[in-house]
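[1] Curious how this folds, go ahead:
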Amino acid sequence: MIFGEKLKTERSKKGWSQEELAAKLYVSRQSVSKWENGQNYPGIEIIIKISDLFEVTIDELLRSDEELTKTVIQESKRLAYPRLKFTVDVLFLAGAAMLVIKLVVLLLNKFASTDIALIGGSFLWNFTPLFLMIGAGVASDTLKKKYKQD
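    This is a model prediction of the structure:
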């Protein structure tokens, strides 16, 4: 049974109209109609709400329709990618910030005759920015390739 048929069957068992189901899901009646007719699919948040309303597992809803399963997988990847990309970008920027701080301190010590010491030792300030920036660059490229294929 495809998702639309399953949704219509479960809605009918409860004796609800499309309008009543739409109100419970905070969507329009037209959205429910499109889902039932197979013209469109709900997002994962709505699928979870439908699962709760009809007391069926999400697996029952997703496995009932191969196209819906593909849609949900693609949606979850689109949601995951920006978060991962943001994390990688933050790591890169942290490495760049450490590098800039080190250069500023070195220039101040050399030209302003100050004696500012960097806390954490030279290994931390020499290699951590390098590892963060290279690691983030590799991770960013890997993410781009992974999500481009899918």
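[2] Got the domain ranges for the protein?
    3-64, 77-149 (automatic domain parsing).
[3] Just put those domains in a markdown table and tack on mean pLDDT, distance to Lys70 and mean neighbour count.
    Any C-beta I mention is one placed from the backbone N, CA and C, and that applies to glycine too. What follows is those, written out as a markdown table (pLDDT from 0 to 100; distance: least, C-beta to C-beta, whole Å; neighbours: other C-beta atoms under 10 Å):
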| stretch | mean pLDDT | distance to Lys70 | mean neighbour count |
| --- | --- | --- | --- |
| domain 3-64 | 90 | 9 | 16 |
| domain 77-149 | 88 | 11 | 13 |
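[4] These: which one's closest to Thr71?
    domain 3-64 (4.9 Å; C-beta to C-beta).
[5] picking that back up, can I get the domains of the chain in a markdown table including distance to Thr71?
    Output for the domains of the chain, formatted as a markdown table (distance: least, C-beta to C-beta, whole Å):
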| stretch | distance to Thr71 |
| --- | --- |
| domain 3-64 | 5 |
| domain 77-149 | 11 |
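[6] what's the distance between Lys14 and Ala94?
    Distance, Lys14 to Ala94, using C-beta to C-beta, to the nearest Å: 52 Å.
[7] sorry, that was for Glu55
    Counting by C-beta to C-beta, the gap from Glu55 to Ala94 is 47 Å.
[8] got it, and Thr87?
    11 Å.
[9] in stretch 70-78, what's buried?
    For stretch 70-78, burial by neighbour count (16 or more other C-beta atoms under 10 Å) applies to 71-72.
[10] could we number from 800 for the rest of this?
    Noted, 800 is the first residue going forward, which turns the last one into stretch 869-877.
[11] just checking, what packs against the strand or helix carrying Val899?
    According to DSSP states H and E, Val899 maps onto helix 865-910. For helix 865-910, the packing partners by 3 or more C-beta pairs under 8 Å, 6 or more residues apart in numbering; DSSP states H and E come out as helix 843-853, helix 857-862, helix 920-948.
[12] now these as JSON lines including distance to Asn908?
    Shown next, in JSON lines, are the helices and strands packed on helix 865-910 (distance: least, C-beta to C-beta, whole Å):
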{"stretch": "helix 843-853", "distance to Asn908": "54"}
{"stretch": "helix 857-862", "distance to Asn908": "60"}
{"stretch": "helix 920-948", "distance to Asn908": "13"}
